[in-house]
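K.L.:
Model the following, please.
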Amino acid sequence: MRAEPRSEPRYVDERSGATYPIDDPRWCGDDGAPLTVSALPGITREQVDTGARSLWRYRAALPVRIDAPVSLGEGCTPLVEKSWGEDRILFKLEWFSPTGSFKDRGTSVMISLLAQRGVPEVIEDSSGNGGASVSAYCAAAGIRARILAPATTSPAKVLQSRAYGAEVQLVPGDRDAAAAEALRQSAHTYYASHNWHPFFLQGTKTLAYELWEDLGFTAPDAVVTVAGAGSTVLGCDLGFSELLAAGQIARRP
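P.N.:
Below you'll find the model as predicted:
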């Protein structure tokens, strides 16, 4: 079964039903609500770009065409079988990502979109991995990055962001204080947030596509993952839902 031709995707406020054009330079709704991308039909195995050894082999599943991806080789992480008690478990080694974090999937797609649209400077609030990931991909894209981190952030995490050339602003208070400062600064600098930007999840969903391909174009029985802010959980939900819609799997994990 092949996916049907898709209609033009849009940003969606799932609480109110409001929609916005996908080419709007926005990361939230007019009232500050979080946005997603309207449902996409998924892709077939024939649409996988087998010549790309990165998550960009699934670029056909993205809501817009990215002509010049900002890629550091993210994705295509090893799937290793090991024993866990009496069971044999497949472990997806996302720490093979360029900055050591699964967040590189979402960051690559998000920063590629912003670079394509000519965004010159971004801010991101993070206590560690997200800031380092955004810093690295902004360096690759030639975009200035300012990372807002709690003053109590580990010096090693701050050093990683600075090593990629980002400006790090330490904010007095906790993680919520850093987020509040980012929202204040977003009035004049583009907010490239791993917790807010809809295209971050479009990158994270490639984990589902990759597991599907790793397993011979089938779905795993189950996926066990950490939750945190939820991007991996939401990304897997998006990716496997699209594969189900495209008739490529019989059920979601």
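K.L.:
and the spatially most central residue of the chain, which of the three is it?
P.N.:
Centroid-nearest residue in the chain: residue 106, 1.7 Å away (criterion: C-alpha atoms, centre = their mean). The three-state label given to residue 106 by DSSP: H, G, I helix; E, B strand; the rest coil is helix.
K.L.:
how close does it get to residue 96?
P.N.:
Between residue 106 and residue 96 the distance is 16 Å, computed by C-beta to C-beta, to the nearest Å. Any C-beta I mention is one placed from the backbone N, CA and C, and that applies to glycine too.
K.L.:
ranges for the helices of the stretch 151-253 of the chain?
P.N.:
Ranges of helices in the stretch 151-253 of the chain, per DSSP state H, counting those that start in this stretch, are 155-163, 175-185, 198-204, 206-214, 231-245.
K.L.:
Could you check how far the first one is from the centre of its chain?
P.N.:
So that's helix 155-163. Centroid displacement of helix 155-163 relative to its chain, using C-alpha atoms, centre = their mean, to the nearest Å, is 21 Å.
K.L.:
ok, back up a step: between the helices of the stretch 151-253 of the chain, which gets nearest to residue 136?
P.N.:
helix 155-163 (8.5 Å; C-beta to C-beta).
K.L.:
What residues of the closest one count as buried?
P.N.:
Within helix 155-163, the residues scored as buried using 16 or more other C-beta atoms under 10 Å are 157, 158, 160, 161.
K.L.:
What is it packed up against?
P.N.:
helix 129-141, strand 144-150, strand 167-171 (3 or more C-beta pairs under 8 Å, 6 or more residues apart in numbering; DSSP states H and E).
K.L.:
Neighbouring strands - and their directions - for the shortest one?
P.N.:
Sheet pairing of strand 167-171 (DSSP bridges) gives strand 144-150 (parallel).
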